[in-house]
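*Asks:* for reference, the sequence and a predicted model appear below.
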Amino acid sequence: MRTALVALAGVAAFAVAALYFAPAALLVDAVPAPARLTQVEGRVWHGAGRLAYNEQDLGRLTWRFDPAALQDGALGLSWRLADASVTLAGTVCATVADVAVRAAGAVQEAAIDRMLLPYHIDLGGAIAIADVDLRLRHDLRPLRGAGTLRWEGGEVRYRLAGEGHFATLPPMVGEVTVAAGEGRLVVKSENAPTPLIVARLDAAGWAHIGITQRFTELAGLPWRGRAAPADVVLEVSELLL
């Protein structure tokens, strides 16, 4: 019996040492597409690298192993993502069933414009991210969760039908909800209840972004058809996952 316990202790010590000295590069293949981790340094339990999503660089990601999560049978990490225009921090807790992600921080105008460049939109102002709490599948598809985003408002330039347009929009608040495998974002003016943007991510990985009749008025191109202010009058879709 004593020999077995000594052997078991030796195996456990070896496993801990292997984890402690394992290079962070081992995590590269564990990151699901379309996310990608490059320029990795450090160890599995405490390291750093550049994080990209859909080939767009998001910034430098640092992480540290949280041993307390092991008590619940989970693998936990605290993390921080930062560059000149992005500052986000939070936790990741992975179990056999799913992955829990919490995040808060801010995305500055430069990072927003990089994301919106393919759509010919130039958005002024930063977005604050407050207490986003999501539960995801291991392939990053959403299961459930909630969170709040706030855009400080400002000038917006965009192209539509080959013509340039300009508008000044008020501060907006977006409420994120995830249920039944679908994510939903409803954006409203900070001081008005009418939805302006209604976006959803369906179970197949498609993002659908709709704008309402009221939003077209704020953007300076009022919808000419018959529609209530909260009705979605234009929607575009794109495969994200």
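*Replies:* Nice, I can see it. Numbering: from 1, shown residues only.
*Asks:* ok, Ala219 touching Glu155?
*Replies:* No - Ala219 lies out of contact with Glu155 (CB atoms under 8 Å); the separation is 11.8 Å. (Glycine included, C-beta is placed from N, CA and C.)
*Asks:* more neighbours, those two?
*Replies:* Ala219 (18 against 12; other CB atoms under 10 Å).
*Asks:* re earlier: give me the common contacts of Ala219 and Glu155.
*Replies:* Contact criterion CB atoms under 8 Å, 6 or more residues apart in numbering; residues shared by Ala219 and Glu155: Ala167, Leu169.
*Asks:* after the lowest-mean-pLDDT helix or strand in the chain, which helix or strand is next?
*Replies:* Counting by mean pLDDT, DSSP states H and E, the chain has its least confident helix or strand at helix 2-21, which shows a mean of 41. Towards the C-terminus, the helix or strand next in line after helix 2-21, according to DSSP states H and E, is strand 35-42.
*Asks:* so Val101 sits against Gly90, correct?
*Replies:* Yes - using CB under 8 Å, Val101 is in contact with Gly90, at 6.7 Å.
*Asks:* what's the overlap in contacts for those two?
*Replies:* With CB under 8 Å, 6+ apart as the test, Val101 and Gly90 both reach Val132.
*Asks:* list the buried residues of the helix or strand encompassing Val233.
*Replies:* Element membership for Val233 (DSSP H and E) is strand 232-239. Within strand 232-239, the residues that count as buried by 16 or more other CB atoms under 10 Å are Val232, Val233.
*Asks:* ok, stretch 173-182 next?
*Replies:* Val173, Gly174, Val176, Val178, Glu182.
*Asks:* tell me which residues touch Arg157, please.
*Replies:* Applying CB under 8 Å, 6+ apart to Arg157 gives the contacts Ile121, Asp122, Gly164, His165, Phe166.
*Asks:* can you put these in JSON lines and add neighbour count and pLDDT?
*Replies:* As requested, these are exported to JSON lines (neighbours: other CB atoms under 10 Å; pLDDT from 0 to 100):
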{"residue": "Ile121", "neighbour count": "15", "pLDDT": "84"}
{"residue": "Asp122", "neighbour count": "16", "pLDDT": "88"}
{"residue": "Gly164", "neighbour count": "10", "pLDDT": "87"}
{"residue": "His165", "neighbour count": "14", "pLDDT": "86"}
{"residue": "Phe166", "neighbour count": "11", "pLDDT": "89"}
